[in-house]
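[1] Quick one: sequence plus predicted model below, questions after.
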Amino acid sequence: HMTSLEAENKKLREANESLANAIRAMTEKLKGGSSGVPYPLELVAGLRTLECPLGVLTDSYKAGHFLMYPEAKSMTAYGEFREPMKGMNDNRLVFYGIQYYIDNFVARKWTVADIEAAKKFYSTHNAGYTPFKFPEDLFRKFVAENDGYFPVKIEALPEGSVIYVHTPVFIITASDEYSRLVTFLETILTMVWYPSCVATLSRYTKDAIKAAFDKSVDEDCQWLLQGKLHDFGFRGCTCVEQSVVGGSAHLLNFDGSDTMSASYHTQFHLNKGKPVGSSIPATEHSVMTSWKSEEEALLNEIEHYGEGVYSCVMDSYDYDNALNVVLPKVAQKKVAKGGTLVLRPDSGDAVEQVLKGLKAGEKTFGAVVNKKGFKVNQNVAVIQGDGINYEVVKQILDKVLAEGYSAQNVAFGMGGGLLQKVNRDTMSFATKLSHITYADGTSRDVMKTPKTDSGKVKRGRRDVNEDARAQSTRQVERLRAYGTVEYPSQCSAHIREVTYDLAAAAHCSRMLLLVSVSLTKVDVTLNPELASSEDLAAGKFFVGRKITGDKIAPIEVFPAEAAPASGYENVMKVYYDKGPLSTAQETFDELRARVEKQWADTPANGNPITAPLKEKCERIIAEHRAAK
């Protein structure tokens, strides 16, 4: 009896010592954080309070799939973006955010208390408030045998990778009795669509601004590009977490942000305390109208902030009057202070209001002509933050340059257009099962090939008017969802009739077409190198790139069994393997550098699908059709 008691006491002492060590480690983390700045308790990794137990952080139907999957030794699933961002004529994207979701929702210990809380919920979750079957036994098993960690392996691309659509961004592998949990985490991991969409939209907008910079801004002022798109989206977010995740994604490309939650997160949680996002003092309408006149309000701002860069909203009452009457009145004090005033219109036609601001700034403070022949206003600029999206940015820049002004005179603030007007369908993200090894040892590559998608893409001809007589071969155009087509603008007026018949490509839901214009018709044929199925393919994948010199090669996808023996490197990184890993995370500055380098090195409209994978995909589709 004493021996048994001594053994029990020994276990308790060991447990207490382990707990004491954990408390000491946590105390040190609280003292310094990752950058010497103390964190509130709730910001320490692993201590975040979730709104529900881990066992219900998925879609309802996921909880029942453990009984629907067959017995297996292993299963593999992957996530991919299936559509390029519309309107960009480019199929590149920036992958970002996987580490956040793994750290906060996957790499957490489950407890018996979590399971009990989930059990109570599931007891009334089925229709009629009856019990809903869920994998309780599997949950209890990994809590007891795997220290409470969810028993899967997650590989993913490095954060900030630039890829083409149809590149696997993460791969989930589950083994043995846990195989049937392979897609339980799909709901959480699929959320990576959001930061990736924001990062990609921000990057395309940077390209548009950079194109205007290349035309109109001298080399010694090119550094100004980093502050030309400002995140104004915090107040429009659905929650603080959205502002952190989306705002951080934008900061991969630009320095400017009023979303301080994201700037703080990236600086102290992701970048070892080194600043990432910055802003400037600026008035709002409430400030301007609190003074008896706009002149008093602006003079007050100049007094306090006039030595640096600062912004003033100019349309509280009459934008034209503010520009043409109020601005000249404060000019002397503004010039004396020596700073740069950024005028902000907030209503009316965006293009027109920006130009009014530029002309008023030039008239009041003067302008010089730079080496490229464009006017640069003297210490006065304009920021447009109302109604801004990618297309409006381009429209404003086109008009600004057409009027002879340099793009460095203008900045943009994007709010809802940046952080909210994206969704999972923006780049059609999906997670799908791709491979299974059954309990008897046989393996099968898995791929869905829905017959109902066959109407989306068809083949045929387009009749055109005689006005097309002078037309020749046109550029590759993208067939959009639901059978709509974007033609070159010079050709679209000649399209009179569209007919379809493409049974041979019934599995393809998104396709690139080569459009050739002759006297009487436009023949449309598939470009086989760019055709792709709704899902990437089946099986296990090798995701890698050629080993080259300084220029980084695009990422390509092979069947695992056809992986190159040499000359390629595997780019997938293990983020989680039946528990969190102790590998050091890259800094946010490193992620930014990756985006810059890979975006520059990755040509637009590439195809990640290699010939072996394409052939495998076609073979599986043929087998499916033959089986029917």
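    Alright, I've got the coordinates.
[2] going forward, measure contacts and count neighbours with C-alpha atoms only.
    OK.
[3] Looks like residue 75 contacts residue 183 (just checking).
    No. Using C-alpha atoms under 8 Å, residue 75 is not in contact with residue 183; the gap is 9.2 Å.
[4] between those two, who's got more neighbours?
    Of the pair residue 75 and residue 183, residue 75 is the one with more neighbours under other C-alpha atoms under 10 Å, namely 29 against 25.
[5] longest helix anywhere in the chain?
    Looking only at the chain and at elements set by DSSP state H, the helix with the highest residue count is helix 2-32.
[6] what pLDDT, on average, does that helix get?
    In this model, helix 2-32 has a mean pLDDT of 73.
[7] Following element in sequence after that helix, please.
    Per DSSP states H and E, the first helix or strand lying C-terminal to helix 2-32 is helix 60-63.
[8] buried stuff in that next one?
    62, 63 (16 or more other C-alpha atoms under 10 Å).
[9] Extract the C-alpha trace of it and format it as PDB.
    Listed next in PDB are the C-alpha coordinates belonging to helix 60-63 (Å, rounded to 0.1, in the frame of the first residue of the first chain):
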ATOM      1  CA  SER A  60     -22.100  20.800 -38.600                       C
ATOM      2  CA  TYR A  61     -21.800  18.200 -41.300                       C
ATOM      3  CA  LYS A  62     -18.100  17.700 -40.700                       C
ATOM      4  CA  ALA A  63     -18.900  16.200 -37.200                       C
END
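[10] Residues contacting that helix, please?
    Helix 60-63 is contacted from outside by 56, 133, 134, 135, 183, 184, using C-alpha atoms under 8 Å, 6 or more residues apart in numbering.
[11] do that again at 10 Å, thanks
    Identification of contacts with helix 60-63 by C-alpha atoms under 10 Å, 6 or more residues apart in numbering yields 55-57, 68, 122, 125-126, 132-136, 181, 183-187.
[12] List buried residues within the residues you listed.
    For those, buried by 16+ other C-alpha under 10 Å: 55-57, 122, 132-135, 181, 183-186.
[13] and which of the residues you listed is nearest to residue 168?
    residue 186 (13.8 Å; C-alpha to C-alpha).
[14] pLDDT score assigned to that closest one?
    97.
[15] Spatially nearest residue to it, not counting backbone neighbours?
    Closest residue to residue 186 apart from its sequence neighbours, by C-alpha to C-alpha, 6 or more residues apart in numbering: residue 431 at 6.6 Å.
[16] mean confidence score for stretch 198-210?
    pLDDT averaged over stretch 198-210 gives 98.
[17] Kindly report the same for stretch 266-281.
    On average, stretch 266-281 scores 94.
[18] same thing with stretch 583-596?
    Per-residue scores along stretch 583-596 average to 94.
[19] who touches it?
    With C-alpha under 10 Å, 6+ apart, stretch 583-596 has contacts from 93-96, 99, 158-162, 199, 203, 248-249, 251-254, 266-267, 269-276, 574-575, 597, 599-601.
[20] helix/strand/coil for the spatially most central residue of the chain?
    Geometric centre of the chain, nearest residue: residue 196, 1.3 Å, by C-alpha atoms, centre = their mean. With DSSP: H, G, I helix; E, B strand; the rest coil as the basis, residue 196 sits in helix.
[21] That one: what's it in contact with?
    81, 93-98, 159-161, 202, 245-246, 249-250, 427.
[22] And residue 195, by the same measure?
    Per C-alpha under 10 Å, 6+ apart, neighbours of residue 195: 94-98, 100, 201, 242, 244-250, 419, 422.
[23] Could you check how far it is from residue 263?
    15 Å (C-alpha to C-alpha, to the nearest Å).
[24] Also residue 161?
    Residue 161 is 21 Å from residue 263, by C-alpha to C-alpha.
[25] Repeat that for residue 576.
    Residue 576 sits 26 Å away from residue 263, going by C-alpha to C-alpha.
[26] now residue 376
    Residue 376 is 30 Å from residue 263, by C-alpha to C-alpha.
[27] what's the pLDDT at residue 35?
    45.
[28] wait, isn't residue 555 in contact with residue 599?
    No. Residue 555 is not in contact with residue 599 according to C-alpha atoms under 10 Å; the separation is 11.9 Å.
[29] which neighbours do those two share?
    In contact with both residue 555 and residue 599: 161, 162, 163, using C-alpha under 10 Å, 6+ apart.
[30] can you pick the most crowded of these?
    residue 163 (27 neighbours).
[31] That one belongs to a strand?
    Yes. Counting by three-state DSSP, residue 163 is part of a strand.
[32] hmm, back to that, how about the buried ones among the contacts of helix 60-63 in TSV, adding secondary structure and distance to residue 259?
    Formatted as TSV, these follow (DSSP: H, G, I helix; E, B strand; the rest coil; distance: C-alpha to C-alpha, whole Å):
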residue	secondary structure	distance to residue 259
55	helix	32
56	helix	30
57	coil	27
122	helix	38
132	coil	41
133	coil	42
134	coil	40
135	coil	40
181	helix	37
183	coil	33
184	coil	33
185	coil	29
186	helix	29
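[33] Now flag whichever of those residues is closest to residue 288.
    residue 57 (45.9 Å).
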